[in-house]
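Novice: sharing a model that was predicted from the sequence below.
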Amino acid sequence: MITAETGKTIQTKNELPRIVFIGQPNTGKSTFFNRVTNATAGVANWPGLTVDFMQAKVERDGKTVEFVDLPGIYDLDGFTEDEKVVQDFLQQYNFDLVVCVVNASQIDRQILIPLQLKKLGIPSLVALNMADEVKRFGVKINT
Ligand SMILES: Nc1nc2c(ncn2[C@@H]2O[C@H](COP(=O)(O)OP(=O)(O)OP(=O)(O)O)[C@@H](O)[C@H]2O)c(=O)[nH]1
Ligand SMILES: [Mg+2]
């Protein structure tokens, strides 16, 4: 069973393992995040950043992990406000894993961020979401 605990403050050194959700807008990051954290996440104000993020601590098998849901972006090197927020987050905070949520029916248009994460050497995995759409569109994925 997963239990989640809401917190208003964030530590800047991660004593807890921290997992961060990144990806293009509308790929299902927040849906995934809410599912993982039991939809009890709290909004936290991160010092040095202009927007609030969802964050939640999840306890499982006696271990606590912190999850953070970041805004959707198209390009880790981009110049929009949200892209700047994600860049600042990755530069200013410690994290242990980035989960890049991808709409699996649009991999050709969404592969940029996973490749950028790889190039930066950031520990990350790609979550192929929208499996129902993949099925509906008859897309075949060579994982
Ligand atoms: N068909 C389908 N829809 C999904 C799936 N996962 C999420 N959605 C829907 O996709 C829409 C966007 O989901 P969000 O979780 O808000 O996406 P997001 O990546 O957090 O979006 P931003 O915060 O704007 O970047 C919502 O309507 C979800 O219900 C999925 O696996 N299949
Ligand atoms: Mg979201």
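Specialist: Good, I have the coordinates. Ligands and ions are numbered 1, 2, ... in the order given.
Novice: roughly how far does the closest residue to residue 98 other than its chain neighbours sit from residue 23?
Specialist: In this structure, residue 98 finds its nearest non-sequential neighbour in residue 124, 4.0 Å apart by C-beta to C-beta, 6 or more residues apart in numbering. No exception for glycine: its C-beta is placed from N, CA and C like everyone else's. Noted for residue 124: a distance of 11 Å to residue 23, by C-beta to C-beta, to the nearest Å.
Novice: which neighbours do those two have in common?
Specialist: The contact sets of residue 124 and residue 23 overlap at residue 100 (C-beta atoms under 8 Å, 6 or more residues apart in numbering).
Novice: neighbour count: the two, which is higher?
Specialist: Using other C-beta atoms under 10 Å, the more surrounded residue of residue 124 and residue 23 is residue 23, with 27 against 19.
Novice: give me the phi and psi angles of that one.
Specialist: phi 160, psi 180 (degrees, to the nearest 10).
Novice: who's in contact with it?
Specialist: 29, 72, 73, 100, 101, 102, 110, 113.
Novice: the top helix by length along the chain and ligand 2 in contact?
Specialist: Under DSSP state H, the helix in the chain containing the largest number of residues is helix 81-92. No: judged by C-beta under 5 Å from the ion, helix 81-92 and ligand 2 are separated, with a smallest distance of 10.4 Å.
Novice: thought residue 143 was touching residue 128?
Specialist: Yes: counting by C-beta atoms under 8 Å, residue 143 does reach residue 128; the two are 7.2 Å apart.
Novice: so for these two, which sits in the more crowded spot?
Specialist: More crowded of residue 143 and residue 128, by other C-beta under 10 Å: residue 128, with 17 against 5.
Novice: so which residues on the chain come close to ligand 1?
Specialist: Within the chain, the positions adjacent to ligand 1 are 23, 25-31, 71-72, 129-130, 132-133 by C-beta under 6 Å from any ligand atom.
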